[in-house]
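**Q** Please find the sequence and the predicted model below.
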Amino acid sequence: MRSKVRAHLTRIALVAIAALGGVAAGVPSRAATIAVDSFGDDHDLGANGNCTLREAVIAANDDRAVDACPAGAGADVIELGPGTHTLVIAGADENGSLTGDLDVFGDVVIRGAGHGATAVDAGQLDRAFDIGSASARLERLTIRRGKIGTCPFTGAGIRHAAGDLTLSEVIVESSGNWWDSGCDGVGGGLYVSPGATTHLVSSTLTGNKATHGGGAFVEQTGTLELVRSAIFDNETHKRGGGIEVRGTLNAINSTIASNSSYWYWHPSSIIRYPGGLVAYGTGHVTLDHVTITGNSEGDLYADVGSMIELRATIIGFKCSGDLTGVQSLGHNLVGYQTCNLDQPTDLQNTLARLTGPIPSSPTTTYEPLPDSPLIDAAGTDGCPATDQRGVARPQGAACDIGAVEYVPPVCTDGDGDGWYAEGGACGAADCSDADAQVHPGAEERCNALDDDCDGDLDETFPELGSACTTGVGACAATGVTVCSADGLGTGCDAVAGEPRSEGPFGDPSCGNASDDDCDGAADEADPDCALSCTDGDGDGFAIEGGECGSVDCDDANAAVNPGQSEVPGNGVDDDCDPATPPQTGCAPQPQSAVAAVGGERIATPFVLDLGPWIGALALVIRGVRRRALPAGRAARAA
C-alpha cells in the first residue's frame, strides 16, 4: 500500500511541478511580441492599419506580418490589453482563423491583462478557440459565449485538438451546446482530444453546458491536469455536469462543485448520472486533496472498467456506479456512504462541515468550518506545499482533507471589550478596537461615532441637524440641533441673548409688544408691567392714585377714603378731599359703645359726663340772680 501511495503522490507532484513551471517559464529567445491594438474583428483581406486579435493569431500561425501586426517568429506572445474582443465573422469549419473561431496552430502565448479585465467573446457564432499547437498557453483572460453551429459539437469554449495547452488564470464560461439533430454537445467549456494534454492551472470552468461533460470532456488517451483550479456550476443532459473522463484526469488542490446533470432517457430505464465527476469506460482518475461537493445526483460515478484513486479528498454526498474501481490511498471523507473507501484513515458517513462557495479569484473554493472533521485529518506524509488558494500547508498539526486548508482566525482585541477587529470567524467585527465603548451591541451614543458597529452613526438621534431655538422673547436665538457634551442626548447650539429690563407699569418697555426681560410674557401679560395698587386698610382705595383710582389719604384707616362723607368737627379729612368745607352743628354723641368681653361683643350704655354743662349752667344762673338783686345784696353776693 505504501508503494502505491508513493507512486500516486509522485505522479501528482510531477503534474503540479510541470504545470507551475509552465506558469513561470519565460518566452523563448526566438519570439515576437504582437500587441493587439483593436477590439474589432477583421483580418488582412481588408487591411486598415490596425492589429486585431484575429490578425495577431494569423501572424503568429504563419510567421508573417498581417495588417499592422508584426510577423511571428516561432514561439510568439500576443498581448491583449483590457477590454473585450468580440468575434463577429461567421463561418464554421474553416481552419485558418479567417472566419468563425480562432484556429491556433503555432506555438504561442496569448496573454491578457487579467481575467477580470480582458475577455474574448465568441458571440455564439462558433467556438472561441480551436488549438492544435505543439505548445500553446492562454493566460489571464476570460473566454465566453462559445457555441458550435455544426456537428460534432465538441469544445464550445476551447477545443484542444493536439499538442500541449496550458490555461493559467483563465475563466471559460457560458459556452456549450445541448443535443441537437442527433448530435451531442461534448465538453461545453473544454474538450481534450485523444492524445492532447491540457493543464488547467489556477483557472475555472463555469456556467458551461453540454450533453456530455458540461465543464470539460476528456477523450480516450487525452489528459487533463487540474492544478489549483475549479470546475463549478456547469450542467449536462447526460453524464458529468462537471467533467466526464474517458482518458486521464490528474487533479490536485482543486474543486469540482455545484454542477448539475439531468436524467438520461435510456430505452430500458431512466438513468441519472452524478453531476460532479464521471469516470467512464476506461477513464483513469487520480485525486489528491480535491473537494467534490454539492453536485446534483451525487458527486462521483465510476463506470465498469474505470479506475479512481483518491487521497485526502472530499466526496461530500455520495458516489455510484461500479465502485470496485475506486481505490483509497487514505485520509478521504465521504458524506453518506463508504464509496469503497477502506483505509483506517478514511472518514465514512461523515459530514464535511464546509462553507458555501467562496469566490477566491480566479477560482471558487469551499472552506472547512472551525468544527470540521477535515482539519488536521490528512496527515503530514506527502502533503502539498500549498492549497488551492496558494495558502501554505499545513496550518495546524497536520494537513487538512480537501482542496483548502483551514486557517485559524487571528482574533485581535486591542481594547479588551471582548470583540475582535477581524470579524469573520472571530465573530462580529469590532469597528473600533481602540475604544472599549465601541463594539457590536453597544448603546449608540450621540458622538458622531458608530458605537454599535452597525454601519450607521448616531441613528438613535434623528433630530440631529434640524433647526432649533433656545431662549424666549427678546433672548430667542436660532441654531442647529447637536449632540450634548455627555453624548446621551441632544441640544441646540444657539446661545440665548441677554434679557433687558421690563416695567414697571407705564414704562415704555411695557408697551412695545416685546418680551424684553425674556420671562415668557410681554407687556400686559408680564407681571413686571402689571398695575400695582396698595390698599393697606382694605377699604377699596389705594394710596397710588392714577390708574388705581382716587388716592386714599389715610391707608391705615378704613373710615377715611374718597368714598366717605366728611364728618364735621372731628379734625379728620374723612373724604380725602381738602376742598370739602367743614359742616356746622354739634357732632352727634355716641349712645353706646361696644366692648369685647370673653370674645363676645357686648353693647354698654355711654356714661354722659354732665360736669362741664352743670358748671356752665351755674354761671348763667349766677348772672341772672345778680341782675335781679338790689345793689347791696348784689355786692354781698359778689
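**A** Noted; the coordinates are in hand.
**Q** For stretch 471-479, list every residue counted as buried.
**A** Across stretch 471-479, burial judged by 16 or more other Cβ atoms under 10 Å covers 471, 473-475. (Glycine included, C-beta is placed from N, CA and C.)
**Q** what do you get for stretch 451-462?
**A** 451-453, 458, 461.
**Q** thinking again about what came up before, okay, the buried residues of stretch 471-479 in JSON lines with secondary structure next?
**A** Supplementary listing: the buried residues of stretch 471-479 in JSON lines, determined by DSSP: H, G, I helix; E, B strand; the rest coil:
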{"residue": "G471", "secondary structure": "coil"}
{"residue": "G473", "secondary structure": "helix"}
{"residue": "A474", "secondary structure": "helix"}
{"residue": "C475", "secondary structure": "helix"}
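**Q** Can you tell me which of those is closest to T534?
**A** Using Cβ to Cβ, the shortest approach to T534 within the buried residues of stretch 471-479 belongs to G473, at 28.7 Å.
**Q** That closest one contacts R500, correct?
**A** No: proximity of G473 to R500 does not meet the contact threshold set by Cβ atoms under 8 Å, at 9.4 Å.
**Q** intersection of neighbour lists for these two?
**A** Between them, G473 and R500 have 516-517 as joint contacts when contacts are counted by Cβ atoms under 8 Å, 6 or more residues apart in numbering.
**Q** thinking again about what came up before, out of the buried residues of stretch 451-462, which comes closest to Y420?
**A** Taking Cβ to Cβ as the measure, Y420 sits nearest to C453 out of those, at 11.3 Å.
**Q** how about the closest one, secondary structure?
**A** When states are read from three-state DSSP, the local structure at C453 comes out as coil.
**Q** list the contacts for it?
**A** 419, 428-432, 438-440, 442.
**Q** Considering those residues, which is situated nearest to I148?
**A** Distances from I148 to the contacts of C453, taken as Cβ to Cβ, are shortest for A429 (48.7 Å).
**Q** Tell me if A59 really is in a helix.
**A** Yes: following the definition three-state DSSP, A59 is counted among the residues of a helix.
**Q** That one and V66 touch, don't they?
**A** Yes: at 4.3 Å, A59 counts as touching V66 under the criterion of Cβ under 8 Å.
**Q** When these two are compared, which one has more neighbours?
**A** Here A59 and V66 are set side by side on neighbour count (other Cβ atoms under 10 Å), and the busier one is A59, at 29 against 25.
**Q** got a pLDDT number for that one?
**A** A59 is assigned a predicted lDDT (pLDDT) of 96.
**Q** ok, it - contacts?
**A** A59 sits next to 32, 34, 65-66, 69-72, 76 when contact means Cβ under 8 Å, 6+ apart.
**Q** Which of these fall in strands?
**A** Among the contacts of A59, the members falling in strands are 34, 76 (criterion: DSSP state E).
**Q** Could you give me the ChimeraX syntax to select whichever of the contacts of A59 are buried?
**A** Paste this into ChimeraX to select the buried members of the contacts of A59, with burial taken from 16+ other Cβ under 10 Å:
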select :32,34,65,66,69,70,72,76
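**Q** Relative to P409, how far out is the residue minimising distance to the centre of the chain?
**A** To find the centre residue of the chain, average its C-alpha atoms and take the closest one (Cα atoms, centre = their mean): that gives G455, at 6.6 Å. Taking Cβ to Cβ, to the nearest Å as the criterion, G455 is separated from P409 by 22 Å.
**Q** And stretch 157-164, end to end?
**A** Start and end residues of stretch 157-164 are separated by 17 Å (Cα to Cα, to the nearest Å).
**Q** residue ranges for the strands of the stretch 401-550 of the chain, please.
**A** Remark: strands assigned in the stretch 401-550 of the chain by DSSP state E, counting those that start in this stretch are 467-470, 477-483, 490-492.
**Q** and the last one, which strands flank it?
**A** When you say that, I think you mean strand 490-492. Looking at strand 490-492 with DSSP bridges, its partner strands are strand 477-483 (antiparallel).
**Q** Please compute how far the partner strand lies from its chain's middle.
**A** Relative to its parent chain, strand 477-483 has a centroid offset of 31 Å by Cα atoms, centre = their mean, to the nearest Å.
**Q** Next: stretch 375-384.
**A** The gap between the average C-alpha position of stretch 375-384 and the chain average comes to 38 Å, counting by Cα atoms, centre = their mean.
**Q** so how far does it reach from one end to the other?
**A** This stretch, stretch 375-384, spans 15 Å end to end (Cα to Cα).
**Q** buried stuff in that stretch?
**A** For stretch 375-384, burial by neighbour count (16+ other Cβ under 10 Å) applies to 375-379, 382-384.
**Q** Most widely separated two among those residues?
**A** In the buried residues of stretch 375-384, two members sit farther apart than any others by Cβ to Cβ. They are I375 and G382, at 18.0 Å.
**Q** what ranges do the helices span in the stretch 1-150 of the chain?
**A** All helices of the stretch 1-150 of the chain, identified by DSSP state H, counting those that start in this stretch, fall at 2-24, 53-62.
**Q** So what's the model's average confidence on the longest one?
**A** Per-residue pLDDT values over helix 2-24 give a mean of 49.
**Q** coming back round to it: for my notes, please list the buried residues of stretch 451-462 in a markdown table and give pLDDT for each entry.
**A** Supplementary listing: those in a markdown table, determined by pLDDT from 0 to 100:
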| residue | pLDDT |
| --- | --- |
| D451 | 95 |
| D452 | 95 |
| C453 | 95 |
| D458 | 94 |
| F461 | 95 |
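**Q** Looking at these, spot the one nearest T345.
**A** If you rank the buried residues of stretch 451-462 by distance to T345 using Cβ to Cβ, C453 comes first, at 43.2 Å.
**Q** now the closest one: how far from C468?
**A** Relative to C468, C453 is positioned 29 Å away (Cβ to Cβ).
**Q** what does V285 give?
**A** Computed with Cβ to Cβ, the distance linking V285 and C468 is 74 Å.
**Q** which one of these two has more residues nearby?
**A** Using other Cβ under 10 Å, the more surrounded residue of V285 and C468 is V285, with 26 against 17.
**Q** Just the pLDDT at that one, thanks.
**A** According to the predicted model, the pLDDT of V285 comes to 98.
**Q** is it fair to say it lies in a helix?
**A** No: under three-state DSSP, V285 falls outside any helix and is assigned strand.
**Q** Return the residues in contact with it.
**A** Contacts here follow Cβ under 8 Å, 6+ apart; on that basis V285 touches 245, 248-251, 277, 279, 306-309.
**Q** Same list, those, but as TSV with secondary structure and neighbour count please.
**A** Formatted as TSV, the entries for the contacts of V285 read as follows, by DSSP: H, G, I helix; E, B strand; the rest coil; neighbours: other Cβ atoms under 10 Å:
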residue	secondary structure	neighbour count
V245	strand	30
T248	strand	20
L249	strand	27
N250	strand	24
A251	strand	29
L277	strand	33
A279	strand	28
S306	coil	22
M307	strand	15
I308	strand	27
E309	strand	22
